[in-house]
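> Give me coordinates for this.
(2 chains)
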Amino acid sequence: MKLEELKFGTELIKRGFASMQKGGVIMDVVNADQARIAEEAGAVAVMALERVPADIRKMGGVARMADPQIIAEIIDAVSIPVMGKVRIGHMVEAQVLEAVGVDMIDESEVLTPADEEYHIEKTKFTVPFVCGARNLGEALRRIDEGAAMIRTKGEAGTGNVVEAVRHMRAIMGEIRQLQGMSAQERMDRARTIEAPAALVAECARMGRLPTVNFSAGGIATPADAALMMQMGADGVFVGSGIFLSRHPERMARAIVEAVNNFDDPGVLARVSRGLGEAMPGIDIHTLREDEVLQYRGR
Amino acid sequence: MGVRIGVLALQGDVSEHILAFRHALDGAGGVTAVRHAGDIADLDGLAIPGGESTTICRLVDKNAMRRPIETFEGGIFATCAGMVLVAVAVDDPRITPLGHIDMTVERNAFGRQRESFEADVPITGLDAPFHAVFIRAPAVTRVGPGTTVLGSVDRGIVAVRSGPHMALAFHPELGGDTRLHCMFLEHLQDTG
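Numbering: from 1, shown residues only, chains lettered A, B, ... in the order given. All right, here's what the predicted structure looks like:
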């Protein structure tokens, strides 16, 4: 078989990669040691970044792509996929991460946006992208730009699951509404939410987003993770919730088991015991508007 | 009462396998998601889907499923991560395989996600090549005497059969072609 007969970076390969993550936990890590702990605990992938979102909040200033050296060290340390975050609209950070060898790029509102008008044209890349969304319109615009996976935004770095719940409920509810609509009503709705009509019709037909949809932004305990799974998430991202907790190894393992057994309260009770303190949380209502990350990238 | 197929539902692309088998069975049997050890023994066939092999391996043990799968008497249909798990030997100490098929498997044999590819692979027993999707795929580096090679690419063996079991490095559950699922069901009937 000749190399030129092979096809790389197709939509099937990109969305297929996302499908392999289903039922899994993707954990934020800032160095190779944390990546090994995450892999050992059963993470399906790690998200390599310079600081977890809660620390990005504390630091302030401009949050950028991590040092490629750190990402390369994490890639060498584990056998599971490694993802990396780039600023919204920063196609060069994305080119750099693709060259370093990350398996998926998160075009993330957790970093400071580089472009306040446009997202990256993701179809041009060989590696797949995941993007955040608060509602169906945002999700379908990102998919139209080439995102192979969606994660509800929640509010990263707060340890407060309320926004993750709000966004998952919004997307699921909007899809349920579409299913009860006539074709004309759906066309009208597509215009209202500024989403491509074909993708709107696809959601109505499938009863879900056409890509994998994870939950993110505020998951801090096994019960939080199971809550998002019961609400229909295909899996979860845990950012600050693991390595800012008292016992990261235990928390990581417990969240993996909680996602696997999300509808079994007996297992959830067992894995939730004796974990020590979860990460400190923030009441969303105390944030100033410019501190709310989910408003970035509509 | 038709054929009973279960898809190991610990992590990975479970729903894609369920749909593909439902299509392949065409009403001649049932497909269920297998989440508990007690669900395994009564099945005729068990599919182990794609996903992360380190994660699935860990969850097999956490859910006390290792013994029931090892002693399962039906056929196993394993794809990608599943292929890693059903080998007798894997190149990576992070995986303790289940050992259904006498072969050695190398994880991520083709590279990272940017090296993932689609290709037409000739498969013994199919009249036209199978359009296969390889995602961070493994490859078989050695097969034992009881293992038949069904398909290969440059860098290794990517499809094998052993008794009622089949293992594939790629993802027949993605892409809508159910000929390999059908082949597995036919083998089940021949050997069962």
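> middle-most residue in chain B, spatially?
Taking CA atoms, centre = their mean, the centroid of chain B lies closest to B:Ala78, which sits 0.8 Å from it.
> Tell me if that one really is in a strand.
Yes: assessed with DSSP: H, G, I helix; E, B strand; the rest coil, B:Ala78 lies in a strand.
> residue contacts, it?
Neighbouring residues of B:Ala78 by CB atoms under 8 Å, 6 or more residues apart in numbering or on different chains: B:Ala47, B:Ile48, B:Leu85, B:Val86, B:His100, B:Ile101, B:His165, B:Met166, B:Ala167, B:Leu168. Where you see a C-beta, it was placed from the backbone N, CA and C, and this is true even at glycine.
> Tell me the spacing between it and A:Leu268.
30 Å (CB to CB, to the nearest Å).
> For chain B, what's the nearest residue on the stretch 151-298 of chain A?
Going by CB to the nearest CB, chain B is nearest to A:Asn260 of the stretch 151-298 of chain A, at 5.5 Å.
> Hmm, B:Met65 and that residue touching each other?
No: using CB atoms under 8 Å, A:Asn260 is not in contact with B:Met65, being 11.3 Å away.
> Tell me the residues that contact both of the two, please.
B:Leu10, B:Leu59.
> higher neighbour count, these two?
A:Asn260 (26 against 23; other CB atoms under 10 Å in any protein chain shown).
> ok, and the closest non-adjacent residue to that one?
B:Leu59 (5.5 Å; CB to CB, 6 or more residues apart in numbering or on different chains).
> The one you found looks like it's in a strand, true?
No: looking at B:Leu59 with three-state DSSP, it is helix, so not inside a strand.
> OK, contacts around it?
A:Gly42, A:Val256, A:Asn260, B:Leu10, B:Gln11, B:Met65.
> Tell me which two in those are the farthest apart.
A:Val256 and B:Met65 (15.3 Å; CB to CB).
> Can you get me a residue count around the nearest residue to B:His131 once chain neighbours are set aside?
Of all residues beyond its chain neighbours, the one nearest B:His131 is B:Asp120 (5.5 Å), with distances taken as CB to CB, 6+ apart. Neighbour count of B:Asp120, defined by other CB under 10 Å: 15.
> same question, the one 5 residues further on
Number of residues near B:Gly125 (other CB under 10 Å) recorded here: 14.
> One more: the one 10 residues further on?
Close neighbours of B:Ile135, defined as other CB under 10 Å, add up to 28.
> need the helix or strand of chain A with the lowest average pLDDT.
Across the helices and strands of chain A, mean pLDDT, DSSP states H and E gives its lowest value to helix A:53-59, namely a mean of 89.
> Just the C-alphas of stretch A:35-44, formatted as CSV.
This file holds the C-alpha atoms of stretch A:35-44, laid out as CSV (Å, rounded to 0.1, in the frame of the first residue of the first chain):
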residue,chain,number,x,y,z
ALA,A,35,0.1,13.3,33.2
ARG,A,36,1.4,9.9,34.5
ILE,A,37,-1.0,10.1,37.5
ALA,A,38,-3.9,10.9,35.1
GLU,A,39,-3.1,8.0,32.8
GLU,A,40,-2.6,5.6,35.7
ALA,A,41,-6.0,6.7,37.1
GLY,A,42,-7.7,5.8,33.8
ALA,A,43,-8.0,9.1,32.0
VAL,A,44,-8.8,8.7,28.3
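> Whether that stretch contacts chain B - can you check?
Yes: remark: stretch A:35-44 sits within contact range of chain B at A:Glu39, A:Gly42, A:Ala43, A:Val44, by CB under 8 Å from any CB of the partner chain.
> who wins for most neighbours among those?
A:Ala43 (30 neighbours).
> Wait, that one touches A:Asp28, no?
No: counting by CB under 8 Å, A:Ala43 stays clear of A:Asp28, with 10.0 Å between them.
> and after the least confident helix or strand of chain A, which helix or strand comes next?
helix A:68-77 (DSSP states H and E).
> Show me how far the next helix or strand after that next one is from its chain's centre.
Counting by DSSP H and E, the element after helix A:68-77 in chain order, helix or strand, is strand A:82-87. Offset of strand A:82-87 from its chain centre (CA atoms, centre = their mean, to the nearest Å): 10 Å.
> where are the low-confidence patches of chain B?
Across chain B, the ranges flagged by pLDDT under 70 are B:1, B:191-192.
> Nearest residue to B:Gly2 in space, please, no chain neighbours.
Nearest one to B:Gly2, counting by CB to CB, 6+ apart, is B:Gly29 at 3.2 Å.
> Next one, pLDDT for the closest residue to A:Lys22 other than its chain neighbours please.
Nearest non-adjacent residue to A:Lys22, counting by CB to CB, 6+ apart: A:Asp234, 4.7 Å away. Per-residue pLDDT puts A:Asp234 at 98.
> where does A:Asp234 land in three-state SS?
A:Asp234 is classified as coil under three-state DSSP.
> What count of nearby residues applies to it?
Under the criterion other CB under 10 Å, the count of neighbours that A:Asp234 has is 23.
> Go ahead and confirm it touches A:Ile26.
No: A:Asp234 lies out of contact with A:Ile26 (CB under 8 Å); the separation is 11.1 Å.
> Now the common contact residues for the two.
A:Phe214.
> got the residues of chain A near chain B?
A:1, A:5-10, A:12-13, A:16-17, A:19-24, A:39, A:42-45, A:75, A:79-81, A:98, A:101-104, A:126-128, A:256-257, A:260.
> Just the buried ones out of these, please.
The neighbour count (16 or more other CB atoms under 10 Å in any protein chain shown) marks A:6, A:9, A:12-13, A:16-17, A:19-24, A:39, A:42-45, A:75, A:80-81, A:98, A:101-104, A:127-128, A:256-257, A:260 as buried among the residues of chain A next to chain B.
> picking that back up, beta-bridge partners for the residue nearest to the centre of chain B, please?
Applying DSSP bridges to B:Ala78 gives these bridge partners: B:Ile48, B:Ala167.
> circling back: quick one: which of the residues of stretch A:35-44 next to chain B sit in strands?
Among the residues of stretch A:35-44 next to chain B, DSSP state E puts none in strands.
> would you turn those residues into a markdown table with distance to A:Ala226?
Output for the residues of stretch A:35-44 next to chain B, formatted as a markdown table (distance: CB to CB, whole Å):
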| residue | distance to A:Ala226 |
| --- | --- |
| A:Glu39 | 22 |
| A:Gly42 | 15 |
| A:Ala43 | 16 |
| A:Val44 | 16 |
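> who's in contact with the nearest residue to A:Gly24 once chain neighbours are set aside?
Nearest non-adjacent residue to A:Gly24, counting by CB to CB, 6+ apart: A:Val44, 2.9 Å away. When contacts are counted by CB under 8 Å, 6+ apart, A:Val44 touches A:20-21, A:23-26, A:80-81, A:235, B:11, B:51-52, B:55.
> what about A:Val44, distance to A:Pro81?
A:Val44 is 7 Å from A:Pro81, by CB to CB.
> Check B:Arg114 too.
From B:Arg114 to A:Pro81 the distance is 11 Å (CB to CB).
> can you check A:Ser215 too?
A:Ser215 is 18 Å from A:Pro81, by CB to CB.
> follow-up on the earlier one: overlap in contacts, A:Val44 and A:Pro81.
A:Gln21, B:Glu52.
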